[in-house]
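just coords:
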């Protein structure tokens, strides 16, 4: 048992998801020569061949936790289950290639429903360059469960970890953040109460939650140009993912509030409903954008060539993880990302 | 959509697990040159390297479906979740090597409980020659869910499929069958009602259910000596798995009732409780023994060198799947294996 005394026999609701992951990282540490990257990054990397690393990741979506069948079509459930895994492989610099799927299914579902689940997985797989579904397991259960393990590959020199950020680097993110979390919020409200002029924005945000498309083209460009010193996919919120890069790299991070990219739709709806856009942008999860650090002399490439925004800087670890607000004041970063277990 | 018309839009409780698998096999058929074996065998086989095939399988255990926390220790849950996956890789002739784990956990569980889950996985991994746990995903949910994807490898010439059985081959099985299913039955009864002389047998059968150890040494010998023309692991009952070999190979199968190997403990307890041993042996699942076919001129190797029993013959497809009873009468095979979805 390599766990620190303080993580011993705590309840998960006190230990939290991130505490559990740290605990497991210590417990499962391995020096196996076939393992290049083990638990603790977006995917594991294995040395199976001479020229490429084999990546493997797994993510599970559970009805009532990650989705409700009232809001999601089966196509969207399949799509999203594949998207969250593809996002992990892309964040390592890799190309997703093969998947196996464990399904928990209520016996009252129809074969058409299952077909649409698979159609969603296959459609996202096509968007990701073609993923072959090679097998799986089905079992009956009350709630719908879909657990995918996705294999991919990456050339060793293109492998991009969370741990490569260095003080002096800049921090950037693809696309916009907060849309998916606001979309989820809107699913819980009646859109008919919104003025007609906001309905399209509302639909757009909801779609980002129901059927997210990881920005794979941008990730591909970042990787191929060897731009990123560290990269992670934004599944648990910008603030939480920034913290993960900081911890893995042993650095601090400063994010400028003003520079965090949000969509016009998010701004409009937040204003109308009296919600705080920054909270959604920093703490909202499931955007499947890519957060990365890069050397400052390559700023132009990021600002001109990519659909990305420079949002901050990497600083020494001692300076912590901070937000620079509109007045230039340095504040503690609000939100540590969504925690599945915390009370 | 390649599915036959009759499988369209049926409820799973009518289509059944095996119907669903057939449906998905047709739907997901792929000619991708990197895939040597796709959906429909114990594991998929991928061509990642020149000299070996990479195997991948996944199996999920769900609380309330596959186990209850009242009966299983967390160590046993972890052990069994790994065992069912290891059994799949071994049935393909392969060596299991790396695993990723998706866990659904109630936040009321403790870190000690999770440690014991992982200890069980690691302990079975050690028995299987050393499996490295390289990553995973954790999420909160009501019931405990453990989904493992296991990677392994096999030399192409040792790959053993379900589809290689030929009329004239003999059929054999390692160990004994029915113990796990009777163990499950006994878990539902109070063992204190059994005479003291049967308590040890009772414990032994229950242990086979709670903490099954796939007969990996035997599987390894069968594979290395290139004895088997087809092989499958017995997770869903002897009758059901025999049917799978028959269907995949396009053959018929005859099993002699007299030759089906059962343990003395099973016979004793069945006699005492008035239960039918044959029903447990043919229809009981989760034994994780290996069922295989082999050429008749190698019978001595099976009977002398292996902990296996020759139980029947492979016959032409037109002769169906039959049981030869004690009087020599040919009967339809009772039991088609456990179906997760059927009413």
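Ah, there it is. These numbers come from a predicted model, not from an experiment.

What residues does the stretch 101-250 of chain A have near chain B?
Within the stretch 101-250 of chain A, the positions adjacent to chain B are A:101-102, A:104-112, A:114-115, A:118, A:132-142, A:145, A:147, A:149, A:151, A:153 by Cβ under 8 Å from any Cβ of the partner chain. Where you see a C-beta, it was placed from the backbone N, CA and C, and this is true even at glycine.

try 7 Å this time
Proximity of the stretch 101-250 of chain A to chain B, by Cβ under 7 Å from any Cβ of the partner chain, involves residues A:102, A:104-105, A:107-112, A:114-115, A:118, A:132-141, A:145, A:147, A:149, A:151.

OK, contacts around the closest residue to chain B within the stretch 51-200 of chain A?
Closest contact between the stretch 51-200 of chain A and chain B, by Cβ to the nearest Cβ, is at residue A:149 (3.1 Å). Residue A:149 is in contact with A:56, A:58, A:99, A:100, B:58, B:100, B:149, counting by Cβ atoms under 7 Å, 6 or more residues apart in numbering or on different chains.

From the residues you listed, which land in strands?
Under the assignment DSSP state E, these contribute A:56, A:58, A:99, A:100, B:58, B:100, B:149 to strands.

if I look at residue A:278, how far off is residue A:241?
Computed as Cβ to Cβ, to the nearest Å, the residue A:278 to residue A:241 distance reads 16 Å.

Residue A:13 too?
Taking Cβ to Cβ, one finds residue A:13 at 22 Å from residue A:241.

Show me which of these two is the more surrounded one.
Using other Cβ atoms under 10 Å in any protein chain shown as the criterion, residue A:13 and residue A:241 rank with residue A:241 on top: 24 against 16.

I'd guessed the more buried one sits against residue A:232; true?
Yes - assessed by Cβ atoms under 7 Å, residue A:241 is found in contact with residue A:232 at 5.0 Å.

What does the pLDDT read for the spatially most central residue of chain A?
Nearest residue to the geometric centre of chain A (Cα atoms, centre = their mean): residue A:235, 2.4 Å. For residue A:235, the pLDDT comes out at 93.

who touches it in this structure?
A:84, A:87, A:285, A:286, A:288.

Which pair of the residues you listed spans the longest distance?
For those, with distances taken as Cβ to Cβ, the pair at the greatest spread is A:87 and A:285 (11.8 Å).

Which one of those two is surrounded by more residues?
Neighbours per residue (other Cβ under 10 Å) separate residue A:87 from residue A:285, with residue A:87 holding more: 30 against 21.

show me the contacts for the more buried one.
Applying Cβ under 7 Å, 6+ apart to residue A:87 gives the contacts A:214, A:233, A:235, A:288.

Just the closest of those to residue B:268, please.
For the contacts of residue A:87, the nearest to residue B:268 is residue A:235 (54.3 Å; Cβ to Cβ).

What separation is there between the closest one and chain B?
Separation of residue A:235 from chain B (Cβ to the nearest Cβ, to the nearest Å): 10 Å.

thinking again about what came up before, between residue A:241 and residue A:232, which contacts overlap?
residue A:291.

Output the below-cut-off pLDDT ranges for chain A.
Residue ranges of chain A with pLDDT under 70: A:1-8, A:191-192, A:336-338, A:343.

tell me the domain ranges of it?
Chain A breaks down by automatic domain parsing into domains covering A:31-158, A:170-332.

I'd like those as a markdown table, with distance to residue B:9 appended.
Formatted as a markdown table, the domains of chain A follow (distance: least, Cβ to Cβ, whole Å):
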| stretch | distance to residue B:9 |
| --- | --- |
| domain A:31-158 | 4 |
| domain A:170-332 | 23 |
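
Highest mean neighbour count across these, which stretch is it?
By mean neighbour count, with neighbours taken as mean count of other Cβ atoms under 10 Å in any protein chain shown, domain A:31-158 ranks first of the domains of chain A at a mean of 22.

centre of the chain versus that domain, how much separation?
Here domain A:31-158 is found 13 Å from its chain centre; the criterion is Cα atoms, centre = their mean, to the nearest Å.

gap between the two ends of that domain?
22 Å (Cα to Cα, to the nearest Å).

what does stretch A:98-117 give?
Note: stretch A:98-117 ends 17 Å apart using Cα to Cα.

before we move on, back to that, show me the residues of the stretch 101-250 of chain A next to chain B that map onto strands.
Residues of these located in strands (DSSP E): A:102, A:104-105, A:132-140, A:145, A:147, A:149, A:151.

Go through those and say which is closest to residue B:224.
Of all these, residue B:224 sits closest to residue A:135, with 24.7 Å by Cβ to Cβ.

secondary structure element for residue A:218?
Here residue A:218 sits within helix A:216-224, counting by DSSP states H and E.

Which strands or helices does that helix pack on?
Packing partners of helix A:216-224 (3 or more Cβ pairs under 7 Å, 6 or more residues apart in numbering or on different chains; DSSP states H and E): helix A:74-91, strand A:289-294.

rerun that using 10 Å as the cut-off
helix A:74-91, strand A:95-105, strand A:170-174, strand A:230-234, strand A:289-294, strand A:308-316 (3 or more Cβ pairs under 10 Å, 6 or more residues apart in numbering or on different chains; DSSP states H and E).

right, so of the ones you listed, which gets closest to residue B:76?
Closest to residue B:76 of the helices and strands packed on helix A:216-224, according to Cβ to Cβ: strand A:95-105, at 20.0 Å.

strand partners of that closest one, parallel vs antiparallel please.
Applying DSSP bridges, strand A:95-105 is found paired with strand A:132-140 (parallel), strand A:145-154 (antiparallel).

before we move on, back to that, possible to save the ones in strands among the contacts of residue A:149 as TSV with distance to residue B:331?
Shown next, in TSV, are these (distance: Cβ to Cβ, whole Å):
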residue	distance to residue B:331
A:56	46
A:58	44
A:99	42
A:100	38
B:58	36
B:100	45
B:149	40
